[in-house]
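Participant: Need a 3D model of the sequence below.
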Amino acid sequence: MLNSTDPQKLEQIKLASSAFFGPLLLREALRRLCQSQGVDAIDRFEKSMADLIEGTNDERAEFESMREFAIEQLYSVVKEVRSSPDTKQLCEDIKGRRTEGRSEEAQTLEEQLQSGLEDTFPASDPPAVVSTSIPGGAKHLVGTDEVLRQKREAEREKDRK
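Facilitator: Next comes the predicted model:
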């Protein structure tokens, strides 16, 4: 089929093919690189490709626009791959966060956790009744038990009448 097509039509097909399949191939290659090498590989790839595009020269009048479009396309594909749920994220370096001398033993860590939790409980205790000094005399504070006792007495007194 391609042999019987006129050269101008053939050039249009070639451009359409590059425009369609180029980003598709770039996206898939970058996705696979990222899966095997991690997110850092995307950053290195993006920088090296941007440098390559910026460093390429041509005498065509529209070359600056072509270069700008290529950079835009690169950033778009990189952003898409970076935000993909399939992208392999780097694991955090736990060793850098560990306190020096901290135990690695599971039993010791469990005991330390329990001890820390015990220090925070009982969180469900009711707040203590606190009195402040007010000039002019102290106010008599009554606790919950006293209030309930007074209510029961009042009800009994009411029932007697």
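Participant: just checking, next helix/strand downstream of the helix-or-strand element of the chain with minimal mean pLDDT?
Facilitator: Using mean pLDDT, DSSP states H and E, the weakest-scoring helix or strand in the chain turns out to be helix 94-97, at a mean of 59. Using DSSP states H and E, the helix or strand that follows helix 94-97 towards the C-terminus is helix 106-120.
Participant: which is the next helix or strand following that following helix?
Facilitator: helix 144-160.
Participant: Correct me if wrong: residue 70 contacts residue 54.
Facilitator: No: Residue 70 is beyond contact range of residue 54, at 9.6 Å (criterion: C-beta atoms under 8 Å). From N, CA and C alone the C-beta is placed, and that goes for glycine too.
Participant: what about the two, which has more around it?
Facilitator: Neighbour totals were compared for residue 70 and residue 54, and residue 70 leads with 17 against 11 (other C-beta atoms under 10 Å).
Participant: List the contacts of that one.
Facilitator: By C-beta atoms under 8 Å, 6 or more residues apart in numbering, the contact list for residue 70 reads residue 53.
Participant: how close does it get to residue 50?
Facilitator: 9 Å (C-beta to C-beta, to the nearest Å).
Participant: swap in residue 44?
Facilitator: Going from residue 44 to residue 50 by C-beta to C-beta gives 11 Å.
Participant: Who has more neighbours out of these two?
Facilitator: residue 50 (15 against 11).
Participant: Which neighbouring elements make contact with the longest helix that the chain contains?
Facilitator: When the chain is scanned for its longest helix (criterion: DSSP state H), the result is helix 7-37. In terms of contacts (3 or more C-beta pairs under 8 Å, 6 or more residues apart in numbering; DSSP states H and E), helix 7-37 is packed against helix 39-55, helix 63-82.
Participant: then the longest one to PDB, C-alphas only?
Facilitator: Think helix 63-82. Extracted C-alpha coordinates of helix 63-82, given in PDB (Å, rounded to 0.1, in the frame of the first residue of the first chain):
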ATOM      1  CA  PHE A  63      12.500  25.100  14.600                       C
ATOM      2  CA  GLU A  64      12.200  27.200  17.800                       C
ATOM      3  CA  SER A  65       8.400  26.400  17.800                       C
ATOM      4  CA  MET A  66       9.200  22.700  17.200                       C
ATOM      5  CA  ARG A  67      11.700  22.700  20.100                       C
ATOM      6  CA  GLU A  68       9.100  24.400  22.400                       C
ATOM      7  CA  PHE A  69       6.500  21.900  21.400                       C
ATOM      8  CA  ALA A  70       8.900  19.000  22.100                       C
ATOM      9  CA  ILE A  71       9.700  20.300  25.600                       C
ATOM     10  CA  GLU A  72       6.000  20.800  26.300                       C
ATOM     11  CA  GLN A  73       5.300  17.200  25.100                       C
ATOM     12  CA  LEU A  74       8.200  15.800  27.200                       C
ATOM     13  CA  TYR A  75       6.900  17.500  30.400                       C
ATOM     14  CA  SER A  76       3.400  16.400  29.700                       C
ATOM     15  CA  VAL A  77       4.400  12.700  29.400                       C
ATOM     16  CA  VAL A  78       6.700  12.900  32.400                       C
ATOM     17  CA  LYS A  79       4.000  14.400  34.500                       C
ATOM     18  CA  GLU A  80       1.500  11.700  33.400                       C
ATOM     19  CA  VAL A  81       3.900   8.900  34.200                       C
ATOM     20  CA  ARG A  82       4.900  10.400  37.500                       C
END
